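Visitor: Sequence below, structure please.
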Amino acid sequence: MRDSLAILLAAAGISVLAWAFWHFAGGRGVDILTSFLLLILTADNIRLRRCLRNKTIVAAGSAQIQNDSRSG
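Guide: Below you'll find the model as predicted:
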């Protein structure tokens, strides 16, 4: 019962936040969401490139990902 009430309250809070976003953003809401998602994707791309740079071995012109668990 307590979990159901917590889920219901969380859903109500999130729906109020969603309504407030679209109400105050108006027609610019799509632009805001697109810009935010583009920023997140760029940051994730940078993070993944750094991760690959640290784990990549260049051999014969092609990149092979080194598996740390196998290199033991």
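Visitor: for residue 5, helix, strand, or coil?
Guide: helix (DSSP: H, G, I helix; E, B strand; the rest coil).
Visitor: what number of residues lie near residue 14?
Guide: 10 (other C-beta atoms under 10 Å). Yep, even glycine has a C-beta here, placed from its N, CA and C like the rest.
Visitor: Quick check: which element contains it?
Guide: Using DSSP states H and E, the element containing residue 14 is helix 2-25.
Visitor: Just the residues contacting that helix, thanks.
Guide: 29, 32 (C-beta atoms under 8 Å, 6 or more residues apart in numbering).
Visitor: mean confidence score for it?
Guide: Average pLDDT, helix 2-25: 96.
Visitor: How far away from the center of its chain is it?
Guide: 21 Å (C-alpha atoms, centre = their mean, to the nearest Å).
Visitor: tell me the angle the next helix-or-strand element following it makes with helix 2-25.
Guide: Next helix or strand after helix 2-25 toward the C-terminus (DSSP H and E): helix 29-55. Angle between the axes of helix 29-55 and helix 2-25 is 110 degrees (criterion: axes from the mean of the first three to the mean of the last three C-alpha atoms, to 10 degrees).
Visitor: what packs against helix 29-55?
Guide: Counting contacts by 3 or more C-beta pairs under 8 Å, 6 or more residues apart in numbering; DSSP states H and E, helix 29-55 is packed against helix 2-25, strand 62-65.
Visitor: Fine by me, thanks again.
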